[in-house]
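Asker: give me a model of this one.
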Amino acid sequence: MADSDEVVIGTGCSQDQFFNPVLTMGYQVAAILVLSHACQLVLKFIPGPIAQLLAGFVIGPSGISNIDAIKKFFFQAFATDYYETMAMYARIIIMFLIGLEFDVPYLIRNFKRASVIALGGCVTSTIFAFAITSFIYEETAAEGNRYLMACMIAVVLSNSGSPLVIRMAADLKFATTDVGRLAISSSLIGDFYAVGLLVIISRNKKEKSKTWFSDAFIALLIIVAVVVANIYVTKLMNRRNRNKKYLSNIEVCIILGIIFGAAMGVESIGYSSIYACFFFGSLFPRGGKTMRTLLIKLTYTIHNFIFPIYFGYAGFKADLSFVYKHIWRIGIIVLVILLSIGGKITGTLAACHSLKTPLNEGVLLAFLMNLKCHVDLVAMTVGQQNAMVASQTFFSLMICSVVISSIISGPLIAFLVRRESNTLGYNHVALEWQDPDSELRILACVHSPRPVPTMVGIMATSRGSEHVPLTPYLMHLIELPHKIKSKKKKAHPQDEVEELIDEDDYGGNDVVEINEAVDDFTAETGVMIHQAKTVAPFTSMFKDVCEFAEDVRASIIILPFHKHQRIDGKLESDKVGIRTTNQKLLRSARCSVAILLDRGLTAGVIKASGSDSLQNVVTLFFGGPDDREALGLSKRLGSHRHINLTVIRFVSAEAPSNQNVEVNVAHKEEDVLMAISDDQKDSELDSIVLTDFYNRYVTSGRVGYIEKRVENGTETSSYLRDILDMYTLFIVGNGGRRRSSITIGINDWEECPELGPVGDLLASSDFDASGSVLIVQQHRDKNDDDDDNDDSYR
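Answerer: The predicted model follows:
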């Protein structure tokens, strides 16, 4: 490193001066990463992103950089330009990834709610900003345009740093909740509001204001051109790499080169590229190897390196050293922080009240909207570079206020999330009680490519009507060999796992076939399936599946049966570990679980929703919570335009005629009434659920209904054999080990008790069925009084 006496400030610089800032930046980045991890280990109540902000704050001029030797090392001549360039490149790639990962359909469905919440806080904060501008202008002895200062303060108070909100939500594990997704959408709209103010700030000069229309048109043209180019480039690369797992590094560099080139073009015109990069990502073609490869290459690197550096640099910029000489300046920082928090709380709570959002969620949203360190820092940089306000004190005070406000809000958010764990935590609602028009979050697991077509077909048809929101996940379960169990990897989104393990050793060519099936399905139906992967020994694989299901708030997990059907129609057993995993998940999962026996190699298979064929599906109802859950899933299936659903209810022929349990249609007012055979809780619930189902679906002609009276299991088995070839999918509840007169005799030859008596019959090798079978188990608490399942098989 060059000695401080050798530094020459002027038009030229020595070779050492060129390399030293880069070397210094490397040391600074390393220090931020180490210190942020240390903060997380010592101060466990501080979320990760806040620990990174705090690390930068400690390393910066507000902390140890007050020491002369460290200050000379971190603040060399020309270093500032390197830091700002690094931050700009980080913003470009971060916003592009946010766009790639963003749930655009959710924003479209909830645009009004997100806009009201975002604008409520932004408008209130802007009013507060203009109210204190004159005071701050005088106190900081500023010179320049007061209106531009007011706009910059408005950016500081109103901005909601979307990268920080996204990382906080992910770190505290509520990003997939409705509150988390609403907060992310609102923060992006708040950023858009702040970017609008930033445009006003950056286009203030007369020579720029004259060409603002032509410059804006050029910027828009660049964005549209890149979005269109991405569509064609993606199609080309998907075709070129059809038989490969992922794109090559060169092809990824070409795509990123287009993004960076366009972003720099927008920046050179005088506009911020923040939202241009977000549009590049959010409008990028979904599905295919190109999208999957970009997520794999970017997610791990950005989440583990670029985010810590970006947040750390934001904290590094805060300089409280000048406050020590003028204590009164602390009052300005406190005032700005209080108005920032107060403006967000006032505006957000007012918006939440108008939307009838609960108060506790409104308070959490208000503090999330107060996270900053994004557009506000860009606004300060633009203001300093263009000398819009001649007061270094003003810029330093604003940057300190931004960083300290976020550092204060972070632990408060963590406290609120932990306090509201009952609301924000994983609270499973059985399909039995869900509105069929509500969002369905479903997790399907596969060990091999064989059941993938049927799995994704069931996921697509489970949404019912095409306007119903569907969030499907497909997890590839890979056995970890015994010799390297000590290096076990946890369940991650597929993008992170690929960076950690050798794909050729884990999953092999199965990955290509699975991805190909998913891509074909997405291209045909337009349904985007989120892929994940876990590598673990069979003994503990269920833990990763359970954890992932809770993280994504899955309503139901669909597992493959441990046997598959051969060409000759016989069932062949797979690895014993698959059955072990299924049994443990049936016992441990905190949501409903279904096991799929796929007979896709024969006549019956659920087709993709883009198929023109009509699939005949039957739901067998014997009574009990598992059958009601199966019926809840069938409600959604029955609403799909390619599904012809029939519900068959089995009742005992011994039921007294005056207490019969069948559904009776009353002519008066066209109501459907049901007499209850007994006072038991399950029977009452069965009657209520079936009555509602009959009224909503059967009377309208959307679903067929058959009531079959049988005396014992032999008659039940005989009837099931008679209808084997009539349906492509049989749906039945697990039923546990409960004894019933209409299933007595079925259990005598059970092979797989985890499927329940009827499911085991339909899945048996002696039962020559052509249709696939889906056995559903409803989640019930372990202390549930009516849970009479025998766990011996588990």
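
Asker: switch to C-alpha atoms for all contacts and neighbour counts from now on
Answerer: OK.

Asker: and this structure, what are its domains?
Answerer: As given by automatic domain parsing, the domain ranges for the chain are 4-422, 440-793.

Asker: out of those, nearest to A430?
Answerer: domain 440-793 (6.9 Å; CA to CA).

Asker: for the closest one, the distance to its chain's centre please.
Answerer: In terms of CA atoms, centre = their mean, to the nearest Å, the centre of domain 440-793 is set 24 Å apart from its chain centre.

Asker: please apply the same query to stretch 432-442.
Answerer: Taking CA atoms, centre = their mean, one finds stretch 432-442 lying 17 Å from the centre of the chain it belongs to.

Asker: same check on stretch 109-124?
Answerer: 21 Å.

Asker: thinking again about what came up before, and the domains of the chain as a markdown table, adding mean neighbour count and mean pLDDT?
Answerer: Shown next, in a markdown table, are the domains of the chain (neighbours: other CA atoms under 10 Å; pLDDT from 0 to 100):
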| stretch | mean neighbour count | mean pLDDT |
| --- | --- | --- |
| domain 4-422 | 19 | 83 |
| domain 440-793 | 19 | 77 |
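
Asker: what would the ones you listed look like in CSV with distance to H428?
Answerer: CSV is the format used below for the domains of the chain (distance: least, CA to CA, whole Å):
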stretch, distance to H428
domain 4-422, 11
domain 440-793, 6
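
Asker: wait, which of those is closest to L431?
Answerer: Comparing these by CA to CA, domain 440-793 comes nearest, at 5.0 Å.

Asker: contact partners for H564?
Answerer: Applying CA atoms under 8 Å, 6 or more residues apart in numbering to H564 gives the contacts 571-574, 597-599.

Asker: now for the residues you listed: which two are most distant?
Answerer: Every pair of the contacts of H564 checked by CA to CA; the farthest is D574 and R599, at 14.6 Å.

Asker: assign the spatially most central residue of the chain to helix, strand or coil.
Answerer: Most central in the chain under CA atoms, centre = their mean is T176, positioned 5.0 Å from the mean C-alpha point. Classification of T176 by DSSP: H, G, I helix; E, B strand; the rest coil places it in coil.

Asker: cool, and M528?
Answerer: With three-state DSSP as the criterion, M528 reads coil.

Asker: isn't it up against R286?
Answerer: Yes. The pair M528 / R286 is scored as a contact, 6.9 Å apart, by CA atoms under 8 Å.

Asker: okay, now the sheet partners of the helix or strand containing L443, with direction.
Answerer: Take DSSP states H and E as the rule and L443 turns out to sit in strand 440-446. Strands that pair with strand 440-446, judged by DSSP bridges, come out as strand 470-479 (parallel), strand 556-560 (parallel).

Asker: out of those, the one nearest A170 is which?
Answerer: Closest among these, using CA to CA: strand 470-479, at 17.3 Å.

Asker: give me the contact list for that closest one.
Answerer: Counting by CA under 8 Å, 6+ apart, 439-448, 459-460, 463, 506-507, 528-538, 541 sit against strand 470-479.

Asker: repeat that with 7 Å
Answerer: Under the contact criterion CA atoms under 7 Å, 6 or more residues apart in numbering, strand 470-479 has outside partners 439-447, 459, 463, 506-507, 529-538.
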